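Trainee: need the 3D shape of this:
(2 chains)
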There are 2 protein chains.
Amino acid sequence: MIKVVIIGSGNVAQNLIQSFVNSKDIDLIQVFSRQKDAVSHLIDTTKITSDLANLVRADLYILAISDNAIALVSSQLPFENRLVVHTAGSVSMELLDKKNKRGVFYPLQTFSKKRMVDFSEITICIETEHDSDFKLLEKSAHILSDKVQKISEVQRKALHVSAVFVNNFVNHLYQIGHEICLENKLSFDILKPLILETANKVMTLSPKEAQTGPAIRNDTKTIERHLHFLTDDNQNTIYKTLTQSIQHNGKKL
Amino acid sequence: MIKVVIIGSGNVAQNLIQSFVNSKDIDLIQVFSRQKDAVSHLIDTTKITSDLANLVRADLYILAISDNAIALVSSQLPFENRLVVHTAGSVSMELLDKKNKRGVFYPLQTFSKKRMVDFSEITICIETEHDSDFKLLEKSAHILSDKVQKISEVQRKALHVSAVFVNNFVNHLYQIGHEICLENKLSFDILKPLILETANKVMTLSPKEAQTGPAIRNDTKTIERHLHFLTDDNQNTIYKTLTQSIQHNGKKL
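Mentor: Down below sits the predicted model:
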């Protein structure tokens, strides 16, 4: 059994803890959390520590903490020459303190504490400083998911930026849809089948094939009506920017 | 049985034809299509006409044609005082020629010829000029879907704009994710579980609760790294516009 310690208590940490606790092939021997309460609903409290000095020996230490804390916390670890990985999409492996053997374990998904995800469908992007550590990290990732990929730092950063577009920005557009509905006394529920169909469509069609609407049709009358309707400056700017981008892309390809 | 004629052969028309053909309570007696071939895979060719003068008598005529054609085609119909509806989200009912009894039958979904949708989950927004026609239109819509709503013209326009945000614009962000992946020799498949989870999340959480990422965290270092990574001007502009909007919204609410 691979012995793992998770350092962190945020969205990614909590989802990882939940998955590792349910796994027969990983022994999650300890979790570091500044507030023990933050993770006590997920794991036996005797396995939680709030003192880095108390960290026990493990095969793999996963730092699931905020990007800005990675350098500092990795330098405070009270051991050397062990495998320590972070879970960040846009942070170089080099940011980890070099006293340990370094790596990256980046699961490409959106994580919330309120909603535990199924890792089996998620691609876990891995990278290690030393080839000799790769197998162990790969094996640990494979316990959670069939989709494990060796990904370079540049590729990982590209994926992270892509994820911002298809997750953070997409969700924000859902929020604008939500706002427009509320302002017009309509339930957001009406949009839900459309949201699901839009996502499901690109499982089989390319986004380019799936594109519909006034921008790609160059239906200037409808675009003008919509811009007239959108009295909120911010919504109006986003509408213009994305409409131009769709039209620009249509011409380009 | 309600006798229906569909006028049109595009995405919406083809999806409606397919659903009506499979329904036991609607008799789709005729389809008008300028090119008979366009719909001959969906309905018996004897029921297809390419001449408006040949239109038969029906209880309901559905104009599923482009917004710009609605006024002209409705004026060319060779009959009066029958129920004629259009399927457009942002066009007033008044655009239909007033020689007939007018209405709107707007199914809120994205339609493609390559992918037939299940109407049962879709909200069909209806409106009639005369109260006396409402019941028939409502009954026809209910045959396809449990979700039928009487929606005013202003509300319908609001829904149409919302749909542009949560469908057209969202799909375009998928396309940008696709492009970034291709440029970095990554498969778009890696993003698919994230795309689905992003959509599924707002089935139970509000978009505001579901929002994650560097913009809402105000993680300026990551935002700077991403903007540095995005050398395409258009992608860079969209990143900035949506990041500012997320930050602005976070403060506003």
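
Trainee: and the residue in chain A sticking out farthest from the centre, how far from chain B?
Mentor: Here the centre of chain A is the reference, and by Cα atoms, centre = their mean the most remote residue is residue A:221, at 39.0 Å. Distance from residue A:221 to chain B, counting by Cβ to the nearest Cβ, to the nearest Å: 7 Å. Just so you know, the C-beta spots here come from the backbone N, C-alpha and C atoms, and that holds for glycine as well.

Trainee: quick one: buried residues of the helix or strand hosting that residue?
Mentor: Element membership of residue A:221 [criterion: DSSP states H and E] is helix A:220-229. Within helix A:220-229, the residues scored as buried using 16 or more other Cβ atoms under 10 Å in any protein chain shown are A:222, A:223, A:225, A:226, A:229.

Trainee: got it, and stretch A:234-248?
Mentor: A:235, A:238, A:239, A:241, A:242, A:243, A:245, A:246, A:247.

Trainee: contacting residues for the last one?
Mentor: Put plainly, it is residue A:247. A:215, A:216, A:218 (Cβ atoms under 8 Å, 6 or more residues apart in numbering or on different chains).

Trainee: from start to finish, how long is stretch A:147-154 in a straight line?
Mentor: End-to-end span of stretch A:147-154 (Cα to Cα, to the nearest Å): 19 Å.

Trainee: quick check, distance from that stretch to the centre of its chain.
Mentor: 14 Å (Cα atoms, centre = their mean, to the nearest Å).

Trainee: wait, does that stretch contact chain B?
Mentor: Yes: contact of stretch A:147-154 with chain B (Cβ under 8 Å from any Cβ of the partner chain) involves A:147, A:149, A:151, A:154.

Trainee: the first one contacts residue A:126, doesn't it?
Mentor: Just to be clear, that refers to residue A:147. No: using Cβ atoms under 8 Å, residue A:147 is not in contact with residue A:126; the gap is 11.0 Å.

Trainee: which one's more surrounded, those two?
Mentor: With neighbours defined as other Cβ atoms under 10 Å in any protein chain shown, residue A:147 and residue A:126 compare such that residue A:126 has more, 23 against 19.

Trainee: who's in contact with the host helix or strand of the more buried one?
Mentor: For residue A:126, the host element (DSSP H and E) is strand A:124-128. By Cβ under 8 Å, 6+ apart, the list of residues contacting strand A:124-128 from outside reads A:83, A:85, A:93, A:101-108, A:134, A:137-138, A:141, A:144-145, A:147-153, A:155-156, A:159.

Trainee: partners of it, with directions?
Mentor: Note on strand A:124-128: by DSSP bridges, its sheet partners are strand A:101-107 (antiparallel), strand A:148-150 (parallel).

Trainee: can I see the domain layout of chain A?
Mentor: Domain segmentation of chain A under automatic domain parsing yields A:2-151, A:156-252.

Trainee: select, out of these, the one closest to residue B:18.
Mentor: Of all the domains of chain A, the one in closest proximity to residue B:18, counting by Cβ to Cβ, is domain A:156-252 (15.3 Å).

Trainee: pLDDT of that closest one, averaged?
Mentor: In this model, domain A:156-252 carries a mean pLDDT of 94.

Trainee: just stretch A:72-84 next, same as before
Mentor: 98.

Trainee: got a list of contacts for it?
Mentor: A:7, A:52-53, A:55, A:57-61, A:63, A:65, A:86, A:95-97, A:99-103, A:128, A:133, A:136-137.

Trainee: now the helices for chain A?
Mentor: With DSSP state H, the ranges of helices along chain A come out as A:11-21, A:70-76, A:131-144, A:153-163, A:170-183, A:192-204, A:207-210, A:214-217, A:220-229, A:233-252.

Trainee: for residue B:114, which of the ones you listed is the nearest?
Mentor: Comparing those by Cβ to Cβ, helix A:207-210 comes nearest, at 7.2 Å.

Trainee: which residues outside that closest one are in contact with it?
Mentor: The contact list for helix A:207-210, computed with Cβ under 8 Å, 6+ apart, reads A:198, A:201-202, A:249, A:253, B:110, B:112, B:114, B:171-172, B:174-175, B:177-178.

Trainee: give me the buried subset of those residues.
Mentor: Buried by 16+ other Cβ under 10 Å: A:198, A:201, A:202, A:249, B:110, B:112, B:171, B:172, B:174, B:175, B:177, B:178, out of the contacts of helix A:207-210.

Trainee: farthest pair in those?
Mentor: Checking the buried ones among the contacts of helix A:207-210 with Cβ to Cβ, the most distant pair is B:112 and B:177, at 19.6 Å.

Trainee: and for residue A:118, the neighbour number?
Mentor: Number of residues near residue A:118 (other Cβ under 10 Å) recorded here: 13.

Trainee: kindly report the same for residue A:33.
Mentor: Applying other Cβ under 10 Å, I find that residue A:33 has 22 neighbouring residues.

Trainee: now do the residue lying closest to it once chain neighbours are set aside against residue B:236, distance only.
Mentor: Spatially, and ignoring its direct neighbours in sequence, residue A:33 is nearest to residue A:9 (3.8 Å; Cβ to Cβ, 6 or more residues apart in numbering or on different chains). Distance of residue A:9 to residue B:236, computed by Cβ to Cβ, to the nearest Å: 34 Å.

Trainee: please apply the same query to residue A:99.
Mentor: Separation of residue A:99 from residue B:236 (Cβ to Cβ): 38 Å.

Trainee: what does residue A:162 give?
Mentor: In terms of Cβ to Cβ, residue A:162 sits 14 Å off from residue B:236.

Trainee: quick one: distance of the helix holding residue A:221 to the chain centre.
Mentor: Using Cα atoms, centre = their mean, the offset of helix A:220-229 from its chain centre is 35 Å.

Trainee: same check on stretch A:8-28?
Mentor: Using Cα atoms, centre = their mean, the offset of stretch A:8-28 from its chain centre is 15 Å.

Trainee: my read is that residue A:239 contacts residue A:227, right?
Mentor: Yes: Residue A:239 is within contact range of residue A:227, at 6.2 Å (criterion: Cβ under 8 Å).

Trainee: what does the stretch 1-150 of chain A put close to chain B?
Mentor: Close to chain B, as judged by Cβ under 8 Å from any Cβ, the stretch 1-150 of chain A has residues A:11, A:66-68, A:90, A:108-112, A:114-115, A:117, A:121-123, A:147, A:149.
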